[in-house]
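Asker: Sharing a sequence plus its predicted fold:
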Amino acid sequence: MEKRDYYEILGVEKNASKEDLKKSYRKLAMQYHPDRNPGNKEAEDKFKEAAEAYEILSHDDKRAKYDRYGHKGIKGGQDFQGFGDASDIFSHFSDIFGSSFGGSSSGGGSIFDDFFGGGGSSQQRRRQRQTGTPGADLKITLKLTLEEIAKGTTKKVKIKKYNTCETCAGSGAKNSSSFKNCTVCGGTGEVRQVSRSVFGQFVNVTSCNNCSGTGKIISDKCITCSGEGRVNSEATVKINVPAGVYDNSYLTLQGQGNAGKNGGRNGDIIVIFQELQHEFLVRDGDNVIYELNLSFPEAVLGTDVEVPTLSGRAKLKIDAGTQAGKYLKMREKGIQHLNSHGAGDQLVKINIHVPKHVTANEKELLNQLQKMDNIKVAT
Ligand SMILES: [Zn+2]
Ligand SMILES: [Zn+2]
């Protein structure tokens, strides 16, 4: 099959900056992530394709080779080995997803653990096997104003989810003598099977479905949860939103999703941030831009004005002779940096207001003005 151009895959121009590449890749990776598209082969292919393109283009040396020689230039003419280079892939996943929330390692880990589960150690599998069926992840979209993003905020969200059954402490059994050995797996809790993944074929030891890997079957079920070990209920989740988050970035609250079945580990809550449009201000990275309209006399003579900022209205001095198109900087009035100290600036762009209609009197004055040497524009 003909390989697609890496820039085309990521939907960027040839001269795209690293930041642009990262942005596009993040978007695609979120869109086509296997967790969001279970069983969708096309999405899986797109996900791999984007990861490969980003892997090459995000490294200067590889990108230079690719720009010069195309696909032939990569890895001495051999095909890129998909996810063969797992350490590289992991490093950019954590780069894209993990580090976006500073020291918190919870950003990217879990969502990829499942996908790469086939390569996990037997110890990891064993640990999962012994803990019943894991609970599903929950996704929450959190709308944030620019003011909230600028300083960071705490939100409380009420959600419906499975909680661990308190009556049986999640076991699903009426009491400790309500268990007998599972007949499907003979009490071992595991079944061997050959399975296929994107990495090829491998023999997999999986958890027994009949007993959810516990090796035991409940003969006398807990009445409260009918043996599930969890109950449908509500919870209020507290979300600490760090200052400076971006639209569509996300935060993982590990273990706060649905409770697992029969004591299985809890799923995560994935909080996706959505930035609401501001009435006056436009975000540009950590800066915000405000367009200020001045009259011609104000621009010529100078004036004091009040402008909206993320922390209320603020005074701004306009010097005499201020030019149209000039940006005035209001230091640190922008958005706090996500991963470092300080904040962006508010940039005030100067526009000169030109009236579309004037009265006869105004016209007369303007005509007089126009005749003056200092006003005329040399052509
Ligand atoms: Zn079993
Ligand atoms: Zn119960």
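Answerer: Okay, I see it. Numbers count the residues shown, from 1 in each chain. Ligands and ions are numbered 1, 2, ... in the order given.
Asker: pLDDT wise, what is the closest residue to Ala29 other than its chain neighbours at?
Answerer: Leaving aside its chain neighbours, Ala29 sits nearest to Ala50 (6.1 Å; criterion: Cβ to Cβ, 6 or more residues apart in numbering). Using the backbone N, CA and C atoms, a C-beta is placed for each residue, glycine as well. On the pLDDT scale, Ala50 is placed at 88.
Asker: I'd assumed Leu142 was in contact with Gln274.
Answerer: Yes: with contacts counted by Cβ atoms under 8 Å, Gln274 reaches Leu142, the gap being 6.6 Å.
Asker: who has more neighbours, those two?
Answerer: The neighbour count for Gln274 versus Leu142, taken as other Cβ atoms under 10 Å, is higher for Leu142 (17 against 11).
Asker: you'd agree the more buried one is in a helix?
Answerer: No: going by DSSP: H, G, I helix; E, B strand; the rest coil, the assignment for Leu142 is strand, not a helix.
Asker: how far away is it from ligand 1?
Answerer: For Leu142, the distance to ligand 1 equals 40 Å [Cβ to the ion, to the nearest Å].
Asker: Can you tell me the SS state at the closest residue to Gly321 other than its chain neighbours?
Answerer: Counting by Cβ to Cβ, 6+ apart, Val300 is the residue found nearest to Gly321 once chain neighbours are left out, at 6.7 Å. Using three-state DSSP, the structure places Val300 in helix.
Asker: so Val300 makes contact with Ala320?
Answerer: Yes: with contact defined as Cβ under 8 Å, Val300 reaches Ala320; the gap is 6.8 Å.
Asker: ok, the two, which is more surrounded?
Answerer: Shown here are Val300 and Ala320; by other Cβ under 10 Å, Val300 has more neighbours (15 against 10).
Asker: mind checking pLDDT for that one?
Answerer: Per-residue pLDDT puts Val300 at 96.
Asker: Ok, Phe199 next?
Answerer: On the pLDDT scale, Phe199 is placed at 66.
Asker: can you check the one 4 residues further on too?
Answerer: pLDDT recorded at Val203 is 72.
Asker: Name the secondary structure element that contains it.
Answerer: For Val203, the host element (DSSP states H and E) is strand 200-207.
Asker: Same question for that strand: list its buried residues.
Answerer: Of the residues in strand 200-207, those buried by neighbour count under the rule 16 or more other Cβ atoms under 10 Å are Asn204, Ser207.
Asker: Now Val307: which helix or strand?
Answerer: strand 303-309.
Asker: Now do that strand: which elements does it pack against?
Answerer: strand 287-294, strand 312-318, strand 346-352 (3 or more Cβ pairs under 8 Å, 6 or more residues apart in numbering; DSSP states H and E).
Asker: Please list the outside residues in contact with the second one.
Answerer: So the one you mean is strand 312-318. For strand 312-318, contacts defined as Cβ atoms under 8 Å, 6 or more residues apart in numbering pick out 292, 294, 298-299, 302-307, 328, 330, 333, 348, 350.
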